[in-house]
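*Asks:* Predicted model, plus sequence, below.
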Amino acid sequence: MPAFQYTALNEKGRQQRGVLEADTPRQIRKQLRDLGLMAVNVEAVSSKEKSIQGNTGFKLNHKISVAELALVTRQLATLIQAGLPLDEALSAVAQQCDKARLKSVVLAIRGGVMEGKTLADSFADYPHIFDSLYRSMVAAGETSGSLGEVLIRLADYTEKRHAIRQKTQIALLYPTILSFVAIAVVAGLLAFVVPNVVAQFATAGQTLPTATLILIAMSDFVRNFWLIALIIIIAITVILKWALKKDGFKYVFDKQLLALPAIGKVILGVNTARFSRTLSILTSSGVPLLDALMISGRVLNNDCLRAAVADAANHVKEGSSLNRALAETGYFPPMMLHMIANGEKSGELDDMLERIADNQDREFEMLVAMALGIFEPVLILAMGGVVLFIVIAILLPIFELNTLVG
């Protein structure tokens, strides 16, 4: 039964939006009348991904949050494992959705299933919500008859990814605020405090020390050119974002990032963990190794590593082992390659890849904690050093004037 989005007016003239199921728009209007609502707009929820605009006020092709995706996946997995038919499970999940947009998507997927499409094909109508990894695992689960188990793994993977992202964002919140405060304090001193103090030296007619002259130059720059500097920073940011959309430039940029001493290690660790966990989930779900490699490479956000995985997939296609193919790229850490080699020999590659991902996640959290532990005192010391320079540059002329008077 197809789903329809509606906009209606209640008895007080207030708009209400929602989703109902019926065979025709006329039946939807009848249902709304029975509920005491006057229909303003009724539109079918398309099983194809497209924007539905107008009076509805939202778009179906907007992404949903990671938390929402994980919740929907786990609910669907639980219902399927409980033995409910797929269409009934999707209908029950839709009823649990609080947001109209998400409910519309789930009902549209149910409509596709009712039309005879597979669940993976129905998900493919919404690629901005269900990526290639998600769809490939669902397809493998449908083929092997273990859809519920595969969906549980997907929910676990989505929740772990969300948890790591949240931990990183929370960890970076304090140093980010501290950095902005430090910059604002120094800029405020140079723009408002220093000019008023230094102006007193102009009437004395004395030769100012070098530190004071530097301070005056910095103050003049902040007061006279702050807008130009801000425009330059914004322009550089916009140009860089535009350039990073070009494949050639992004590849070179990502390669240079990997070469940086500390940042490169963090980027490699994050991408290695994502690659290992994705490959583990795919291979354990029954996806062939070559296809799993190609999909796992696409989830990486570093173009240089993505190209390296693509080369490794070509070597595996030619008959090379996974361990040797990844080793030839020169990017993956030796411990990871050693564990993959052991997994290939013992036939437990899935478990080894999962352990690699767990180790890389722990190492990433340790690196972030260590970096923040170093960054915070260094930032405080740097800010203290700048303030000390300002104070000394102001006091030096006073000391010299006192010496001359004495």
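*Replies:* The structure has been received and is ready for your questions.
*Asks:* got a list of what R277 touches?
*Replies:* Residues near R277 by Cβ atoms under 8 Å, 6 or more residues apart in numbering: Y157, K160, L353, E354, A357. For glycine as for every other residue, the C-beta is placed from the backbone atoms N, C-alpha and C.
*Asks:* try it again with 7 Å
*Replies:* Y157, E354, A357 (Cβ atoms under 7 Å, 6 or more residues apart in numbering).
*Asks:* can I get the CA coordinates of the helix or strand harbouring it in PDB?
*Replies:* Using DSSP states H and E, R277 maps to helix 263-284. The C-alpha coordinates for helix 263-284 follow below in PDB (Å, rounded to 0.1, in the frame of the first residue of the first chain):
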ATOM      1  CA  ILE A 263      48.800  14.500  11.600                       C
ATOM      2  CA  GLY A 264      49.600  11.800   9.000                       C
ATOM      3  CA  LYS A 265      49.700   9.100  11.700                       C
ATOM      4  CA  VAL A 266      46.300  10.100  13.000                       C
ATOM      5  CA  ILE A 267      44.700  10.200   9.500                       C
ATOM      6  CA  LEU A 268      46.200   6.800   8.600                       C
ATOM      7  CA  GLY A 269      45.000   5.300  11.900                       C
ATOM      8  CA  VAL A 270      41.400   6.500  11.400                       C
ATOM      9  CA  ASN A 271      41.200   5.300   7.800                       C
ATOM     10  CA  THR A 272      42.900   2.000   8.600                       C
ATOM     11  CA  ALA A 273      40.300   1.300  11.400                       C
ATOM     12  CA  ARG A 274      37.400   2.200   9.100                       C
ATOM     13  CA  PHE A 275      38.800   0.100   6.200                       C
ATOM     14  CA  SER A 276      39.500  -2.900   8.500                       C
ATOM     15  CA  ARG A 277      36.100  -2.800  10.200                       C
ATOM     16  CA  THR A 278      34.200  -2.400   6.900                       C
ATOM     17  CA  LEU A 279      36.100  -5.200   5.200                       C
ATOM     18  CA  SER A 280      35.500  -7.500   8.200                       C
ATOM     19  CA  ILE A 281      31.800  -6.800   8.200                       C
ATOM     20  CA  LEU A 282      31.500  -7.300   4.400                       C
ATOM     21  CA  THR A 283      33.500 -10.600   4.200                       C
ATOM     22  CA  SER A 284      31.700 -12.000   7.300                       C
END
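*Asks:* what number of residues lie near the closest residue to H162 other than its chain neighbours?
*Replies:* In space, and not counting its chain neighbours, H162 is closest to V66: 4.2 Å by Cβ to Cβ, 6 or more residues apart in numbering. Neighbour count of V66, defined by other Cβ atoms under 10 Å: 15.
*Asks:* from what I can see V66 touches I164, true?
*Replies:* No: applying Cβ atoms under 7 Å as the test, V66 and I164 come out as separate, 10.5 Å apart.
*Asks:* if we can go back for a sec, and the residue nearest to H162, how far from K99?
*Replies:* Distance of V66 to K99, computed by Cβ to Cβ, to the nearest Å: 14 Å.
*Asks:* wait, is L300 part of a helix?
*Replies:* No: counting by DSSP: H, G, I helix; E, B strand; the rest coil, L300 falls outside a helix, being coil.
*Asks:* got a list of what it touches?
*Replies:* N271, R274, F275, R306, V309.
*Asks:* Hmm, D350 and M339 touching each other?
*Replies:* No: counting by Cβ under 7 Å, M339 stays clear of D350, with 11.9 Å between them.
*Asks:* the more surrounded of the two?
*Replies:* Legend: neighbour count by other Cβ under 10 Å for M339 and D350, higher for M339 (20 against 16).
*Asks:* Could you check how far the closest residue to the more buried one other than its chain neighbours is from E344?
*Replies:* In space, and not counting its chain neighbours, M339 is closest to M352: 4.8 Å by Cβ to Cβ, 6+ apart. Applying Cβ to Cβ, the value for M352 to E344 is 8 Å.
*Asks:* need the contact list for the spatially most central residue of the chain.
*Replies:* Taking Cα atoms, centre = their mean, the centroid of the chain lies closest to R165, which sits 7.2 Å from it. Taking Cβ under 7 Å, 6+ apart, we find R165 in contact with no residue.
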